[in-house]
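Student: got a sequence here, can you model it:
(one chain, ligands or ions: 1)
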Amino acid sequence: MPTDADLTARIRLVQGDITRQTVAAIVNAANSSLLGGGGVDGAIHRAGGPQVLEECRQIRARQGGCKTGAAVITTGGRLPAGHVIHTVGPVWNGGHKGEPELLASCYRNSLHLATEHNLETLAFPGISTGIYGYPKPEAAAIAVREVRQWLGAHAVPATVTFVVFDDENRRVYEQALAE
Ligand code: AR6
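Tutor: Numbering: from 1, shown residues only. Here you go, the predicted structure:
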């Protein structure tokens with residue numbers, strides 16, 4: 001059984017731009033169209049280039065986009081990361097429309113894809129905590145809980161990095177990780 005210290009060593013917190021992370025895969029906070037948008041989605045498509053969008057279009061043609069809580073995988077195009085796992089977070093609607101369970105599904109389904117594709121290093125942004133309005137402390141608590149649970153049961157990914165953009169989210173994650 002892995003100890004708490006083992007798990008802590010496998011989780012990192014970085015403040016910066018997720019498109020610059022040199023990891024096996026970064027997670028994108030996408031929307032169900034998979035055709036790009038603003039926020040981190042826009043940044044990932046700009047940095048990844050047309051290859052990422054083309055693969056998203058192919059997935060869309062095959063399965064009609066991506067449902068809230070689900071995840072799909074493409075290569076990373078021009079990104080330093082080899083792959084992008086696109087997941088669709090819930091829009092915050094007060095918290096009684098299944099948002100916590102849907103957000104937890106985003107983390108679990110992304111981790112599942114990383115394990116399935118043997119991706120050793122994975123980086124997450126704060127899914128739903130921008131345009132979709134999820135309160136940051138509650139979202140961070142779910143992110144940390146789901147990642148700890150997954151790493152406790154799986155050897156891959158070996159490490160998970162939480163990439164926070166803003167100071168507020170950095171403080172919120174520091175607190176969630178300390179609990
Ligand atoms: N690196 C890391 N984190 C970032 C970056 C970056 N380059 N840019 C923003 N963030 P958001 P959502 C943080 O709005 O709330 C899009 O239009 C940001 O500070 O990107 O899930 C999609 O197409 C915030 O904490 O995603 C959807 O329509 C977090 O990433 C919709 O937005 C997520 O903010 C998804 O909204």
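
Student: quick check: Leu122 touching Ser110?
Tutor: Yes. Leu122 lies in contact with Ser110 (C-beta atoms under 8 Å); the separation is 7.4 Å. C-beta coordinates here come from the backbone N, C-alpha and C atoms, glycine included.

Student: intersection of neighbour lists for these two?
Tutor: Here Leu122 and Ser110 have 27, 85 as joint contacts, going by C-beta atoms under 8 Å, 6 or more residues apart in numbering.

Student: how about the helices in the chain?
Tutor: 4-9, 39-48, 50-63, 99-116, 136-153, 167-178 (DSSP state H).

Student: now for these, which one comes closest to Pro90?
Tutor: Taking C-beta to C-beta, helix 99-116 is the member of the helices of the chain nearest to Pro90, at 4.0 Å.

Student: now what about that closest one, what contacts it?
Tutor: So helix 99-116 is contacted by 24-25, 27, 68-73, 85, 87-93, 119, 122, 124, 127-128, 134, 138-139, 142-143, 145-147, 150, 154, 156-157, 160 (C-beta under 8 Å, 6+ apart).

Student: just the C-alphas of it, formatted as PDB.
Tutor: Output in PDB follows, covering the C-alpha atoms of helix 99-116 (Å, rounded to 0.1, in the frame of the first residue of the first chain):
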ATOM      1  CA  GLU A  99     -21.800  19.700 -10.500                       C
ATOM      2  CA  PRO A 100     -19.600  18.000  -7.900                       C
ATOM      3  CA  GLU A 101     -20.100  14.500  -9.300                       C
ATOM      4  CA  LEU A 102     -19.600  15.800 -12.900                       C
ATOM      5  CA  LEU A 103     -16.400  17.600 -11.900                       C
ATOM      6  CA  ALA A 104     -15.100  14.500 -10.100                       C
ATOM      7  CA  SER A 105     -15.900  12.500 -13.300                       C
ATOM      8  CA  CYS A 106     -13.700  14.900 -15.400                       C
ATOM      9  CA  TYR A 107     -10.700  14.100 -13.100                       C
ATOM     10  CA  ARG A 108     -11.400  10.300 -13.000                       C
ATOM     11  CA  ASN A 109     -12.000  10.000 -16.800                       C
ATOM     12  CA  SER A 110      -8.900  12.000 -17.600                       C
ATOM     13  CA  LEU A 111      -6.800   9.900 -15.200                       C
ATOM     14  CA  HIS A 112      -8.300   6.800 -16.700                       C
ATOM     15  CA  LEU A 113      -7.200   7.800 -20.200                       C
ATOM     16  CA  ALA A 114      -3.700   8.600 -18.900                       C
ATOM     17  CA  THR A 115      -3.400   5.200 -17.300                       C
ATOM     18  CA  GLU A 116      -4.800   3.400 -20.300                       C
END
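
Student: which parts of it are buried?
Tutor: Applying a neighbour-count criterion of 16 or more other C-beta atoms under 10 Å, one finds 99-100, 102-111, 113-115 buried in helix 99-116.
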